[in-house]
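Q: Have a look at this prediction, sequence included:
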Amino acid sequence: MQFDPKKEGKRWYDQAVRDIDDARYNLAGGRHNLACFVAQQAAEKSLKAFLITRGEEEPWGHSVAELCRSAAQIDPTFTELQPRVAPLDKYYIPTRYPNGLPGGIPSEAFSRDDALSAIGLADSLIQQIGNKLSPK
């Protein structure tokens, strides 16, 4: 079976949309650390969706900032987005692992405000990427 970048990119984008919904679900349940992590994952997957759709078969990495830099090589508007969404990277490890924090545990370290911020950043990115992937 031949690799179809548009079809594969859509799969990644659809999962990003589901993930941001899951982040909201975790927020509603008071699972702020998980909401932050899942928002980061949604942003990461949406960027990978963009890169895959534009022909990159296996975008590597988990850094939203780095994936944004890669996307900027294809579409310069990502240069402006990169500093805005880069804060999502801080939710990749400390939201899950106690040794990613100087003390305490992730479930106690992240607040509702953290989750709202993470979801807002990721949701905005997902929408902008969705607009770029939509056929004109």
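A: Okay, I see it. Computed from a predicted model, the values in this text were never measured in an experiment.
Q: Which residue ranges of the protein form helices?
A: For the chain, applying DSSP state H gives helices covering 5-28, 32-53, 64-72, 77-85, 106-109, 112-133.
Q: pLDDT below threshold where in the protein?
A: Residue ranges of the chain with pLDDT under 70: 1, 136.
Q: middle-most residue in the protein, spatially?
A: Centroid check for the chain by CA atoms, centre = their mean gives residue 43 as the closest residue, at 1.4 Å.
Q: Excluding chain neighbours, what is closest to that one?
A: In this structure, residue 43 finds its nearest non-sequential neighbour in residue 122, 4.1 Å apart by CB to CB, 6 or more residues apart in numbering. Where C-beta positions appear, they are placed from N, C-alpha and C, glycine not excepted.
Q: tell me the contacts of residue 91?
A: Residues in contact with residue 91 (CB atoms under 8 Å, 6 or more residues apart in numbering) are 36-37, 39-40, 110, 114, 118.
Q: Tell me how far the nearest residue to residue 84 once chain neighbours are set aside lies from residue 109.
A: Nearest residue to residue 84, sequence neighbours excluded (CB to CB, 6+ apart): residue 121, at 6.9 Å. Computed as CB to CB, to the nearest Å, the residue 121 to residue 109 distance reads 18 Å.
Q: Brilliant, that's me finished.
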